[in-house]
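A.B. asks: Could you work out the structure for the sequence below:
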Amino acid sequence: MHHSKNYAGNYAALYTTALRWVTGWTYFSAFWRRLVLENKLIPGEPGYIGEKFNHFLPNALGIKPLIEHLVSNPESLQLSMIAFTIVEAIVGLFLILGLFTRLMSIGVLLLAFGILLGSGWLGTTCLDEWQIGVLGVATGFTLFFTGAGAFSLDHFLAKKGWFSSKKWQIITSGHFTVSYTTQKKMILMGSIAILGLTLFTNQYFHGGVFGKLHNKSVKPHIAISEIAVNNNELLFTVFRDEGADVYGSFLIGIQLLDDNNRLIFSRSQQQLSQMNKTDIINRYVSKVKAGKHSLILPLGAKAQLRFLMDTTLEKGKTYTLKLEDISGAGWSKNIIVE
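C.D. replies: Just a heads-up that it's a prediction; the model follows:
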């Protein structure tokens, strides 16, 4: 009976070969794209991975403070992106080769879990990032129990007498020393936990289990905060917290209206496209900036905007600040001048 279970374990490891190779490539390819095909680890350059990481910020689950700290400190962010890329390269390559497979499977599980928490809310069509995250967690869990089969360095080295003892099998491949009954319990508990994580995050990010479906990646949204008026100076902060990560929000109009809906101050599309850099104080690596035809707000960008008005607002009076996007969407917020 013991032999038959080991035999079954050999088959299980063999059957997951394609899963191991494909999963390994998905992580190694991140390194390949960022450093071999192009260098995407240079701050300020097009495609900088730190800006893509900034896209996770608005609706990340549980790790938002960590993301905000990194995107607010460019040097720390770059070091983190380099370290993250190296880890992905090692995990991916070793998984393809089947070297220290179980240890690498833990790496897959943790990397996928981080992706799930950070970017599980993104995905304009098929909930892309959420699917990548939950499937990565399930794959890492599965590969931990199967290990690598005949087509792996773990298997080759074990035949040569390397890393063949039972104490190494917990991080390489081969048969667990724990009983079959214990393994069944571990797999059942882990599978239930992963299914629970899948249902919880699907509901949290997208309302995918019950209630109304929602997708925060489809339409741009701008949060307005910290509105202040100092004499004839208007200050307010904009934060692009929703919409597609590959497409900006394009601000084409700003209006300030009094409580009688009379226009007090405005900026046109052309004026916004010509804003001075000194009047845009960015907080993160993704930057609000003046474009050719509008003011561009990438996903995750947060900045204080400064405008000089040719009039002084009355104290104690309520005004409404309105922003207009090129898509036709608009956002507003009231302010009482003190």
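A.B. asks: rest of the way, CA atoms for contacts and neighbours
C.D. replies: Noted.
A.B. asks: ok, which stretches of this structure are strands?
C.D. replies: In the chain, the strands defined using DSSP state E lie at 221-230, 233-242, 249-258, 263-267, 280-282, 289-290, 295-297, 302-308, 318-325, 330-336.
A.B. asks: Mean pLDDT and mean neighbour count for those strands - can I get that in CSV?
C.D. replies: Formatted as CSV, these follow (pLDDT from 0 to 100; neighbours: other C-alpha atoms under 10 Å):
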stretch, mean pLDDT, mean neighbour count
strand 221-230, 94, 17
strand 233-242, 96, 20
strand 249-258, 96, 21
strand 263-267, 95, 16
strand 280-282, 98, 18
strand 289-290, 96, 22
strand 295-297, 97, 25
strand 302-308, 97, 19
strand 318-325, 96, 19
strand 330-336, 95, 15
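A.B. asks: of all those strands, which lies closest to residue 176?
C.D. replies: Proximity to residue 176, assessed across the strands of the chain by C-alpha to C-alpha, is greatest for strand 233-242 (46.1 Å).
A.B. asks: What strands flank that closest one, and is each parallel or antiparallel?
C.D. replies: Strand 233-242 sits in its sheet next to strand 221-230 (antiparallel), strand 302-308 (antiparallel), going by DSSP bridges.
A.B. asks: where are the low-confidence patches of the chain?
C.D. replies: Low-confidence segments of the chain, defined by pLDDT under 70, span residues 1-8.
A.B. asks: Have a look at it and report its longest helix.
C.D. replies: Looking across the chain with DSSP state H, the single longest helix is helix 180-206.
A.B. asks: quick one: buried residues of that helix?
C.D. replies: Neighbour-count burial for helix 180-206 flags 194, 197, 198, 201, 202, 203, 205, 206 (criterion: 16 or more other C-alpha atoms under 10 Å).
A.B. asks: Stretch 62-80 now?
C.D. replies: Result for stretch 62-80 [16+ other C-alpha under 10 Å]: buried residues 64, 67, 68, 70, 71, 72, 77, 78.
A.B. asks: Let me know the closest of those to residue 276.
C.D. replies: If you rank those by distance to residue 276 using C-alpha to C-alpha, residue 72 comes first, at 21.8 Å.
A.B. asks: ok, back up a step: looking at the buried residues of stretch 62-80, spot the one nearest residue 236.
C.D. replies: For these, the residue nearest residue 236 by C-alpha to C-alpha is residue 72; the value is 18.8 Å.
A.B. asks: Tally up the residues packed near the closest residue to that closest one other than its chain neighbours, please.
C.D. replies: Residue nearest to residue 72 in three dimensions, not counting chain neighbours: residue 284, with 4.9 Å by C-alpha to C-alpha, 6 or more residues apart in numbering. Residue 284 has 21 neighbours, counted by other C-alpha atoms under 10 Å.
A.B. asks: residues touching residue 284, list them.
C.D. replies: By C-alpha atoms under 8 Å, 6 or more residues apart in numbering, residue 284 lies in contact with 54, 68, 71, 72, 73, 301, 302.
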